[in-house]
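Novice: Following is a predicted model, sequence given first.
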Amino acid sequence: MTATGLPARRRLPASDLTRLATIGLRTRKLRAALSALGIAIGVAAIVAVLGLSASSQAGLLAEINQLGTNLLTATDGQSVTGGVVELPTAAPAMIGRIGGVQQVQSIGIVNGASAYRNPHIPTAETNGLTVQAASVGLLEALATGVAQGHYLNAATAREPVAVLGATTARLLGIDRIYPGERIWVGTQWFYVTGILNPAVLASDIDTSVLVGYPAAEKYLSFDGHPSTVYLRAQNERVDAVDNLLAGTANPEDPSGVNISQPSAALVAQADAKGAFDGLFLGLGAVALLVGAVGVANIMIISVLERRSEIGLRRALGATKGHIRTQFLSEAVLLGLLGGVLGVAVGAAATSIYAHTKHWATVIPTDAWAGGIAASLLIGALAGLIPAVRAARLSPTRALWSV
Amino acid sequence: MSHVPPPISESAALVARDGAALGDAEAPVLDVDRVTKTYPGEPPVKALREASLTIGPGELVGIVGPSGSGKTTLLQLMGTLDRPTSGRVRITGLDVATMADDDVAYLRATRIGFIFQQFFLAEHSTALDNVADGLLYAGIPVGQRRERALDALQLVGLADRPHARPTQLSGGQRQRVAIARALVGRPAIVLADEPTGNLDQATGQSILDLVGQLHQAGSTIVVITHDHAIAERMPRKIEILDGRIVADTRTASPDPS
Ligand SMILES: Nc1ncnc2c1ncn2[C@@H]1O[C@H](COP(=O)(O)OP(=O)(O)OP(=O)(O)O)[C@@H](O)[C@H]1O
Ligand SMILES: [Mg+2]
């Protein structure tokens, strides 16, 4: 109660306020939709950018999980003096004895051997390809397979037979395997029996020419030292195996062994890919700003057009606060409308794209909640000045100078 | 129509609108005391010069004067839509000059009804909702607002068209809706500025007849007009010229129609 005995300032109930705040939306639908559009575009861009990066990341992680995170590699390393520390020939067998190891496969770089389409190519043009001896169970351990033909088996591993990594085949210009297809490796022909799919967990395989261990020793004077050992451990034993690996692979020089978990590197890559596109986020922010200007503009026009309504409401007993709240609510509602529309469009775009990529759709909570919050805030900011102007309008002028 | 008491009866200083005294029963509904209004400008316009008048409950008053004589200015001050340069305006004993803006707004919401030449109806709303908006700022729940709006529509002879939009109504019907809106809060006083100004002769007459009936039923009404013929038929006629009240006459037999 105030000094005069009249009740203190009254707030309108939420239902009445909602009705008042939607007058502009209901009577000028197209205008309201257009003014909310800018905010909608901005929010949609931001939600889509964040949603797409989160979804692509989720897709990559799912792919990595599919390949298995229990693959470990032991690679020959550098000695203190800078020379290569070769893995012992017995390393694969030794590693196979660690408890929890399920599969052990290996490859060994065949030094001094290069591969060419035919013997007439100048020897300098190696295309960066490496010739490697590979064990016959390698593909299962790497969770990859052949794109065409066959991989090495116990029999072909002894013969001058080669299998090409995915990139190798392309560089050599071999896209199909014809009977009798052959390449020049070292000093003689090798028959090509298969082309591999890209090996996500061991990408150096892609640029290799793989031959059997016995064949490498027989035809290419390979010394038999593996350069990389691939092993699969039981999931719960991965860390334990990891700890024992260096000492087991090369008991004489454990520090000369490089141990890695390829899936971990891929996860890190996926995380980096998950980082959103700054440019599109920036564009989204600009669209939001434009949307804010649009809403402010519409609200100012609305206040000018609705002078007599404002004056009438004052005559009916509305306080300045009632008028201010009404127009501010309308602007916030416009913002909310744009925000909800934007989130819907952004989520739909993400979902459609993720679907074509076979990813799960992921819309981060931060993205949609942030989008709605930003649009509410923008509506409020854009509506502030028009609402204050509406409240300041003198009722006599509003009603008598029309 | 049932008399629902206004929700502001806490104060002993207030007079209930049905006439029952809560405090100062002697206070007139409206008291304008040596009011001056000067609009700034070069030169300043003295729209009202020491105008005084008092209106008691149940009166029907016509205020008449030529264009520019200060009629609208007087109505704005009586209706608390503007504050005088000097002098006092009291509504049901409450001195507007001592009140905060928000309290004055509440005073309008509960004690003053306005009727305008241009009706000022919301085109997107039904007649019923337009009338119910007359109670919006008085803090009355929506159900009651609708109920009382229907009563008010009945009072002005539009009980059969509550859901019509203003665009579907004739000028005279629109003004009836506006009158219902002014009456719905059972205000202490109704102020009308040229209520027939936008209507033809016959329709205007029917509106004036309605005003007469409302007066007979007990409402306190002030009608501003430039038309002497209209003011002549009111029980009390106040003439204004150059911002000064020059005559205040009561007819012996009040018969507005
Ligand atoms: N807001 C204002 N600013 C400046 N001068 C004003 C304002 N309102 C009214 N006046 C002046 O005050 C005087 C009285 O105006 P008012 O509108 O009260 O007259 P009125 O009797 O209602 O006239 P009409 O019959 O034409 O409506 C006029 O000279 C007018 O020009
Ligand atoms: Mg006037």
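Specialist: Perfect, I can see it now. Ligands and ions are numbered 1, 2, ... in the order given.
Novice: For the rest of this, base every contact and every neighbour count on C-alpha atoms.
Specialist: Noted.
Novice: In the stretch 101-250 of chain B, what residue lies closest to chain A?
Specialist: B:Ala109 (3.8 Å; C-alpha to the nearest C-alpha).
Novice: Can you classify that residue by secondary structure?
Specialist: helix (DSSP: H, G, I helix; E, B strand; the rest coil).
Novice: low-scoring pLDDT stretches of chain B, where are they?
Specialist: For chain B, the stretches flagged by pLDDT under 70 are B:1-26, B:252-257.
Novice: at 50 instead, please
Specialist: Applying pLDDT under 50 to chain B flags the ranges B:1-23, B:254, B:257.
Novice: mind listing what's buried in the lengthiest helix in it?
Specialist: Assignment by DSSP state H gives helix B:201-216 as the longest helix of chain B. Within helix B:201-216, the residues that count as buried by 16 or more other C-alpha atoms under 10 Å in any protein chain shown are B:203-205, B:207-208, B:210-216.
Novice: Same question for stretch A:182-202.
Specialist: In stretch A:182-202, counting by 16+ other C-alpha under 10 Å, buried: A:182-186, A:189-201.
Novice: did I read that right, A:Val131 in a helix?
Specialist: No - under three-state DSSP, A:Val131 sits outside any helix and is assigned strand.
Novice: Could you tell me how many residues sit around it?
Specialist: The number of residues packed near A:Val131 is 27, by other C-alpha atoms under 10 Å in any protein chain shown.
Novice: cool, B:Met99 as well?
Specialist: B:Met99 has 16 neighbours, counted by other C-alpha under 10 Å.
Novice: Kindly report the same for A:Thr123.
Specialist: Neighbours of A:Thr123 (other C-alpha under 10 Å): 11.
Novice: per-residue confidence at the residue in the stretch 301-402 of chain A that chain B sits nearest to?
Specialist: Minimum separation of the stretch 301-402 of chain A from chain B (C-alpha to the nearest C-alpha) falls at A:Gly317, amounting to 3.8 Å. Note for A:Gly317: predicted pLDDT of 96.
Novice: How much space separates it from B:Phe114?
Specialist: Look at A:Gly317 and B:Phe114: by C-alpha to C-alpha, to the nearest Å, they are 11 Å apart.
Novice: One more: A:Ile109?
Specialist: From A:Ile109 to B:Phe114 the distance is 98 Å (C-alpha to C-alpha).
Novice: Between the two, which is the more surrounded one?
Specialist: Counted by other C-alpha under 10 Å, A:Ile109 and B:Phe114 do not tie: B:Phe114 has more neighbours, with 27 against 22.
Novice: The residue of the stretch 151-300 of chain A found nearest ligand 1: helix or strand, and which one exactly?
Specialist: Closest residue of the stretch 151-300 of chain A to ligand 1, C-alpha to the nearest ligand atom: A:Ile300 (22.4 Å). Following DSSP states H and E, the helix or strand that holds A:Ile300 is helix A:278-305.
Novice: Give me the distance between that helix and the centre of its chain.
Specialist: Put simply, helix A:278-305 sits 30 Å off its chain's centre (C-alpha atoms, centre = their mean, to the nearest Å).
Novice: Quick one: list the elements packing against that helix.
Specialist: For helix A:278-305, the packing partners by 3 or more C-alpha pairs under 8 Å, 6 or more residues apart in numbering or on different chains; DSSP states H and E come out as helix A:29-67, helix A:320-356, helix A:365-392.
Novice: What are the neighbouring residues in contact with A:Thr168?
Specialist: A:Thr168 makes contact with A:129, A:206-209, according to C-alpha atoms under 8 Å, 6 or more residues apart in numbering or on different chains.
Novice: Okay, strands next: where are they in the stretch 151-300 of chain A?
Specialist: For the stretch 151-300 of chain A, the strands defined by DSSP state E, counting those that start in this stretch cover A:161-164, A:182-185, A:188-196, A:208-212, A:228-233, A:257-260.
Novice: List the pairing partners of the longest one within its sheet, with orientation.
Specialist: Read it as strand A:188-196. Its sheet considered, strand A:188-196 pairs with strand A:146-149 (antiparallel), strand A:161-164 (parallel), strand A:182-185 (antiparallel) by DSSP bridges.
Novice: In TSV, list those strands along with distance to ligand 1 and mean pLDDT.
Specialist: Formatted as TSV, these follow (distance: least, C-alpha to the nearest ligand atom, whole Å; pLDDT from 0 to 100):
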stretch	distance to ligand 1	mean pLDDT
strand A:146-149	88	93
strand A:161-164	92	96
strand A:182-185	99	93
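Novice: how about those strands, which one is nearest A:Arg392?
Specialist: Minimum separation from A:Arg392 across the strands paired with strand A:188-196 (C-alpha to C-alpha) falls at strand A:146-149, 75.6 Å.
Novice: how about that closest one: buried residues?
Specialist: Quick answer for strand A:146-149 (16+ other C-alpha under 10 Å): A:146-148.
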